[in-house]
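> Okay, structure incoming, though there's no sequence with it:
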């Protein structure tokens, strides 16, 4: 790492940061309906986004700064195993093609803002809805914290606030400023802020990747050379484990892990509240389906980005903290000004998802805890107010988390979050297609999945950690090593199905279903489905 | 809507739930799962492509293949839905169609 501050890179970084800050505040005027204070307006951007805005928003939301840092970092550390992120994002789109339009339709018809709203409406169970809401909030919090870790990695490499000897306030000041600004414009503009900023973020990311994937291999002597050096590095024995550091292709033993991680993560992705928030903000059913055909462009980018992990090895980057490998590669290979652009891409890449995640968590709290349990007669204006405040609290919580605890704690919780959120799949996706499952069985299945997942993850040790050392473990009954989340999910489904049979046999009371079959295929413009488009004259799109 | 659907017409009652078009749509959506979860089929270094091991370029190629498949499913589905809507309208005394 270079000593001192990289002035040019920092100046470029600050320039982009200021630009998106201005955009974030101006966003509140973008395509706004007439000063309405409702959760639909603040928390879902008026449900008005078309294909391209949704594409940028979802892309900006799902492919986070942490992804950009962590995926190549995993490749840098162990090779092939880290590449599972690519099949994972390949599988997501055919999967959501089948169920997301149904969720959009039923949510539009009944004014649902969160997944828990739907679960409550479908199964008539506040308990089940609360379980889904709490799981969503718990899984989202560490995810927001990890966005901060992404920004920190970039700041460290630029030489800002990274030194151990500076006092904590100076050290964390840049991060505090970044998050203060983020919190302020999310508060005032709601989902419109990240939607607008996502344009900048993704444009920067695409430019950086395109340049990196051509420029760096030329400087390093081509892909042959890169993979030859990486292969050598993986063959060397890791003193901590006594085994090779990694491999270029997964061996027999690693293939189950690879496949189950890809499948489990794909199933989990659209259970996350922030994915759903971005989805429900779109204008029509068609927008969602069309997006499943254009979002894979991001997967291609992710694949290219993952290759940077090999380049970091070939370029001789040596870092103790793997998270720094890619920022360090950029600083070593690029001229200072372009390194600044790359760092800005990662930094802004953290702001967009962090904003959406905090909005999503706030919506869950407001709709499914505050309104359902604390103040059932809350007006839309009150709902919006609570949501805005909670979005602030959530971010402060994440900040405290990152500043006071070790980074590994955030990573551990993020790992658990993925396992947890997958346990809401039967209630949500099951509910979209059938009402056969019994609400109590779903709740029991969820509880079993959560419990097993947490305990199993607790029991995984790694050379550096006694607990939560990884996300895969032997699958009981099969004997192969697989993703814990997926095993927990299977258990969850089995318990749900068995108990549904039992509960139906003893005639346990069903909840009231407020949805009907046609609700799931309704589209904008159909009878009873509001078209929430602002009038054509209002709010010209400024960008 | 006066277009003639190119899928077999089902003039009486509801059209069947499983149709050849829907089977094709399902296959388009399932294929990526089979290809990607069968890790053993692509866990190898050779043949390389501009120096990139097979394992990596093959999966990236599948990003494109699965995109094409999802697009196909999307187009077929839209066409089928339009046809069904037209058929329904024609049935309900389609003077307005």
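Now that the structure is in, tell me what you want to look at. Everything numeric here is computed off the predicted structure, so don't read it as measured data.

> and residue 22, how many neighbours?
Just so you know, I chose chain A. Residues within reach of residue A:22, counting by other C-beta atoms under 10 Å in any protein chain shown, total 10. Bear in mind the C-beta positions are built from the backbone N, C-alpha and C, glycine included.

> um, chain B though
16.

> Verify the stated contact: it with residue B:80.
Yes - counting by C-beta atoms under 8 Å, residue B:22 sits close enough to residue B:80 to count as a contact (7.2 Å).

> I'd like the distance between the closest residue to residue A:187 other than its chain neighbours and residue A:370.
Once flanking residues are discounted, residue A:187 sits nearest to residue A:388: 5.3 Å by C-beta to C-beta, 6 or more residues apart in numbering or on different chains. Relative to residue A:370, residue A:388 is positioned 12 Å away (C-beta to C-beta, to the nearest Å).

> Check residue A:14 too.
38 Å.

> what's the answer for residue A:282, then?
Distance, residue A:282 to residue A:370, by C-beta to C-beta: 25 Å.

> Settle it for me: which of the two has more neighbours?
residue A:282 (28 against 19).

> Which residue is the nearest non-sequential neighbour of the more buried one?
residue A:54 (4.3 Å).

> Please give the element, helix or strand, for the one you found.
Residue A:54 is part of helix A:51-62, with elements assigned from DSSP states H and E.

> try residue B:77
helix B:54-91.

> And residue A:509, by the same measure?
Counting by DSSP H and E, residue A:509 is part of no helix or strand.

> Please work out how many residues are found near it.
Neighbours around residue A:509, by other C-beta under 10 Å: 10.

> Same check on the one 10 residues further on?
Burial of residue A:519 is recorded as 20 neighbouring residues (other C-beta under 10 Å).

> could you list every residue that touches it?
Going by C-beta atoms under 8 Å, 6 or more residues apart in numbering or on different chains, residue A:519 touches A:105-106, A:109-110.

> which residue packs closest to residue 73, ignoring adjacent ones?
As the question left the chain open, I've gone with chain A. residue A:322 (4.1 Å).

> wrong chain, I was asking about chain B
Using C-beta to C-beta, 6+ apart and skipping the chain neighbours, the partner closest in space to residue B:73 is residue B:28 (4.2 Å).

> Which pLDDT does the model give the residue of chain B found nearest chain A?
Closest to chain A within chain B is residue B:51: 3.0 Å, counting by C-beta to the nearest C-beta. On the pLDDT scale, residue B:51 is placed at 84.

> these two touch, right, it and residue A:221?
No - contact criterion C-beta under 8 Å: residue B:51 and residue A:221 do not qualify, at 9.7 Å.

> can you pull the buried residues of the lengthiest helix in chain A?
Among the elements of chain A assigned as helix by DSSP state H, the one spanning the most residues is helix A:126-157. Within helix A:126-157, the residues scored as buried using 16 or more other C-beta atoms under 10 Å in any protein chain shown are A:126, A:128-157.

> what's the answer for stretch B:64-84, then?
B:66-67, B:69-74, B:76-77, B:80, B:83-84.

> what comes into contact with that stretch?
By C-beta under 8 Å, 6+ apart, the surrounding residues in contact with stretch B:64-84 are A:90, A:93-94, A:97, A:289-290, A:292-293, A:296-297, A:300, B:1, B:3, B:5-7, B:15, B:19, B:21-22, B:24-25, B:28-29, B:31-32, B:35.

> for the record, mean pLDDT for it?
For stretch B:64-84, the mean pLDDT works out to 89.

> Tell me how far that stretch lies from the chain's centre.
Distance of stretch B:64-84 from its chain centroid, counting by C-alpha atoms, centre = their mean, to the nearest Å, is 5 Å.

> Which residues of chain B lie near chain A?
Residues of chain B found near chain A (C-beta under 8 Å from any C-beta of the partner chain) are B:28-30, B:32-33, B:36-40, B:43-45, B:48, B:50-53, B:55-56, B:59-60, B:62-64, B:66-67, B:69-71, B:73-74, B:77-78.

> Go again with 7 Å.
Within chain B, the positions adjacent to chain A are B:29, B:32-33, B:36-37, B:39-40, B:43-45, B:50-53, B:55-56, B:59-60, B:62-63, B:66-67, B:70-71, B:73-74 by C-beta under 7 Å from any C-beta of the partner chain.

> Show me which of those are buried.
For the residues of chain B next to chain A, buried by 16+ other C-beta under 10 Å: B:29, B:32-33, B:36-37, B:39, B:43, B:52-53, B:55-56, B:59-60, B:62-63, B:66-67, B:70-71, B:73-74.

> and after the helix or strand residue A:443 falls within, which helix or strand comes next?
Assigned by DSSP H and E, residue A:443 belongs to helix A:439-458. Downstream of helix A:439-458, the next assigned helix or strand under DSSP H and E is strand A:472-474.

> phi, psi of the closest residue to the residue of chain B closest to chain A other than its chain neighbours?
Nearest non-adjacent residue to residue B:51, counting by C-beta to C-beta, 6+ apart: residue A:223, 3.0 Å away. Main-chain torsions, residue A:223, degrees, to the nearest 10: phi -70, psi -30.

> residues in contact with residue A:223?
A:217, B:50-52 (C-beta atoms under 7 Å, 6 or more residues apart in numbering or on different chains).

> Columns secondary structure and distance to residue A:355 on top of these, output as TSV?
As requested, the contacts of residue A:223 are arranged in TSV below (DSSP: H, G, I helix; E, B strand; the rest coil; distance: C-beta to C-beta, whole Å):
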residue	secondary structure	distance to residue A:355
A:217	helix	34
B:50	coil	39
B:51	coil	39
B:52	strand	36
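
> Tell me which helix or strand residue 23 sits in.
Using chain A here. Going by DSSP H and E, residue A:23 is in helix A:7-26.

> I was after chain B.
Applying DSSP H and E, one finds residue B:23 within helix B:20-37.

> what's the offset of that helix from the middle of its chain?
For helix B:20-37, the distance to the chain centre is 7 Å (C-alpha atoms, centre = their mean).

> likewise stretch A:417-437?
Per C-alpha atoms, centre = their mean, the centroid offset for stretch A:417-437 relative to its chain is 18 Å.

> Now tell me what touches it from outside.
With C-beta under 7 Å, 6+ apart, stretch A:417-437 has contacts from A:99, A:102-103, A:115, A:118-119, A:122-123, A:128, A:132, A:135-136, A:138-139, A:142-143, A:264-265, A:267-268, A:271-272, A:442, A:445-446, A:449-450, A:453, A:457, A:484-485, A:488-489, A:492-493, A:496, A:500, A:513, A:520.

> Over to stretch A:119-133?
By C-beta under 7 Å, 6+ apart, stretch A:119-133 touches A:110, A:112, A:114-116, A:364, A:368-369, A:372, A:424, A:427-428, A:431, A:435, A:439, A:442-443, A:446, A:511-515.

> For residue A:293, give me its contacts.
Taking C-beta under 7 Å, 6+ apart, we find residue A:293 in contact with B:67, B:70-71, B:74.

> Most widely separated two among those residues?
B:67 and B:74 (10.3 Å; C-beta to C-beta).

> for chain B, what are the nearby residues on chain A?
Residues of chain A that fall close to chain B, judged by C-beta under 7 Å from any C-beta: A:80, A:83, A:86-87, A:90-91, A:93-94, A:97-98, A:222-224, A:227, A:248-250, A:255, A:258-259, A:262-263, A:289-290, A:292-293, A:296, A:299-300, A:303, A:307.

> which of those count as buried?
Here, 16+ other C-beta under 10 Å leaves A:80, A:83, A:86-87, A:90-91, A:93-94, A:97-98, A:223, A:227, A:248-250, A:255, A:258-259, A:262-263, A:289-290, A:292-293, A:296, A:299-300, A:303, A:307 buried among the residues of chain A next to chain B.

> mind checking how far the one residue in the stretch 101-250 of chain A that gets nearest to chain B is from residue A:214?
Nearest residue of the stretch 101-250 of chain A to chain B (C-beta to the nearest C-beta) works out as residue A:223 at 3.0 Å. According to C-beta to C-beta, residue A:223 stands 11 Å off from residue A:214.
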